[in-house]
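Engineer: model the following, please.
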Amino acid sequence: MSFSSDPIVRVKQASIFQDNQTVLSDINFELEKGELAFIIGRTGSGKSSLLKTLYADLPLRLGDISIAGYNLNKLRAKDVPMLRRKLGIIFQDFQLFNDRTVAENLNFVMKATGWKDRSKMKKRLAEILIKVGLGAVDTKMPHQLSGGEQQRVVIARAIINEPLLLIADEPTGNLDPEVSDGIFELFLEINKSGTAILMATHDHTIIGNHPARILKCEQGKIKDSNLEKFNLSSQY
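Structural biologist: Numbering: from 1, shown residues only. Model prediction:
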């Protein structure tokens, strides 16, 4: 079955909930394969809740969303891991296993997503660490790495299965500006290889230096820079 002409994300008249509160309503947008878009908005505006709904951490209660060929309205619990194999998910707080080495963190993901051949896993581990700009860190524990290095391990974990879409929630929020720039350059390289990226951020510098499509969460709605102009100088 081919999805060649389908957007990687299609959202139609959807409402996003956090607990029993509606945080976004009547939202409509599409993200094409290979596209890069920022999600901005004030704290509590619904950015994280939207991303969590897209990767099926929060249920879709109203509207229609398809992502990476899966319809979230019809998604069964047993199919969630299959959906997430097509996605890379990056968090601000890293969420690495602190009692395992870098290699063990990455091998855990590979085993969980069906890798069995140890030689292929070892080869992929080496390839992915080089791709994210890390040298011989495979035997190190997360606490032995800087914040920027830990985030690069998180990115390696997210792209180890060559996802169609990378979902990033404030990936540079805990990093110094200089480190943030390096991390975002890595995102751009990943995007150039064909992976679509949807990134929630408060980082004015990155948005200013890298013009791209912007989805702004504001007053329970989403504004789309592809459809309307809006002021980016206001707080977000």
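Engineer: I'd like the next helix or strand past the helix or strand hosting residue 26.
Structural biologist: Per DSSP states H and E: residue 26 is located in strand 21-31. Using DSSP H and E, the helix or strand that follows strand 21-31 in sequence is strand 36-41.
Engineer: circling back: give me the buried positions along the strand holding residue 26.
Structural biologist: Using 16 or more other Cβ atoms under 10 Å as the test for burial, strand 21-31 gives 23-25, 27, 29, 31. Every C-beta, even on glycine, is put in place using the N, C-alpha and C of the backbone.
Engineer: for stretch 176-193, same thing?
Structural biologist: Buried residues in stretch 176-193, defined by neighbour count with 16+ other Cβ under 10 Å: 179-181, 183-184, 186-187, 190-191.
Engineer: what about residue 37, neighbour count?
Structural biologist: 19 (other Cβ atoms under 10 Å).
Engineer: would you mind measuring from it to residue 192?
Structural biologist: Going from residue 37 to residue 192 by Cβ to Cβ, to the nearest Å gives 15 Å.
Engineer: ok, residue 120 next?
Structural biologist: 25 Å.
Engineer: neighbouring contacts of the strand holding residue 26?
Structural biologist: Under the criterion Cβ atoms under 8 Å, 6 or more residues apart in numbering, residues 7-17, 37, 44-46, 49-50, 63, 165, 196, 198, 215, 217, 220-222, 224 lie in contact with strand 21-31.
Engineer: restricted to helices, list those.
Structural biologist: The members of the contacts of strand 21-31 that map onto helices under DSSP state H are 49-50.
Engineer: look up phi and psi at the residue nearest the centre of the chain.
Structural biologist: Residue closest to the average C-alpha location in the chain (Cα atoms, centre = their mean): residue 167, at 1.3 Å. Dihedral angles of residue 167 (phi, psi; degrees, to the nearest 10) stand at phi -110, psi 120.
Engineer: residues in contact with the top helix by length along the chain?
Structural biologist: When the chain is scanned for its longest helix (criterion: DSSP H), the result is helix 177-192. With contact meaning Cβ under 8 Å, 6+ apart, helix 177-192 is reached by 34, 36, 132-133, 146-148, 151-152, 155, 159, 166, 168, 171-172, 175, 197, 199, 203, 205-206, 210.
Engineer: centre of the chain to that helix, how far?
Structural biologist: For helix 177-192, the distance from its own C-alpha centre to the chain's C-alpha centre is 13 Å (Cα atoms, centre = their mean, to the nearest Å).
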